[in-house]
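Engineer: here is the input, now give the coordinates:
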Amino acid sequence: EVQLQASGGGLVQSGGSLRLSCAASGVTFDDYAVGWFRQAPGKGREVVSCMSSRDSITYYSDSVKGRFTSSTDSATNTAYLQMRSLKPEDTAVYYCAASRVCHFHGMEYWGKGTQVTVSS
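Structural biologist: Residues are numbered from 1 along each chain as shown. Model (predicted):
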């Protein structure tokens, strides 16, 4: 059984930083791509980042490029999303997902979300 558990969300002031974690079991991030997605109130889910260590590919949406960094730790099979220079518009529920390749609209496995709130 595949399980993904996102954590690390919280309330932060504009300009601040947070690091989200995604602990995985049943898949390894050495073989599976990890995607980070978010859904703001009243909006659809959007891709934030997708990273495949196996294929050496990392994608960031334009809205977070240069501010967010995706990484994985093979020893703990945990993915991270380091978020810096946070803006109120980054407020959303953030989800991690895993798939053999980055499928922005078809990731195979999803974790429960973690709330990120950025105050102005």
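
Engineer: all strands of this structure, in order?
Structural biologist: Using DSSP state E, the strands found in the chain span residues 3-7, 10-13, 18-25, 33-39, 45-52, 57-60, 68-73, 78-83, 92-99, 109-110, 114-119.

Engineer: residue 88 reaches residue 116, doesn't it?
Structural biologist: No. Contact criterion C-beta atoms under 8 Å: residue 88 and residue 116 do not qualify, at 10.8 Å. For the C-beta atoms, the positions are set from N, CA and C on the backbone; glycine is no exception.

Engineer: who has more neighbours out of these two?
Structural biologist: Between residue 88 and residue 116, counting by other C-beta atoms under 10 Å, residue 116 is the more crowded of the two (22 against 11).

Engineer: quick check, pLDDT for the nearest residue to residue 14 once chain neighbours are set aside.
Structural biologist: Closest residue to residue 14 apart from its sequence neighbours, by C-beta to C-beta, 6 or more residues apart in numbering: residue 120 at 5.2 Å. What the model reports as pLDDT for residue 120 is 93.

Engineer: same question, residue 106
Structural biologist: 86.

Engineer: now for the nearest residue to residue 31 once chain neighbours are set aside, how many residues are close by?
Structural biologist: Nearest residue to residue 31 in three dimensions, chain neighbours excluded: residue 54, at 5.9 Å (C-beta to C-beta, 6+ apart). Using other C-beta under 10 Å, the number of residues around residue 54 comes to 14.
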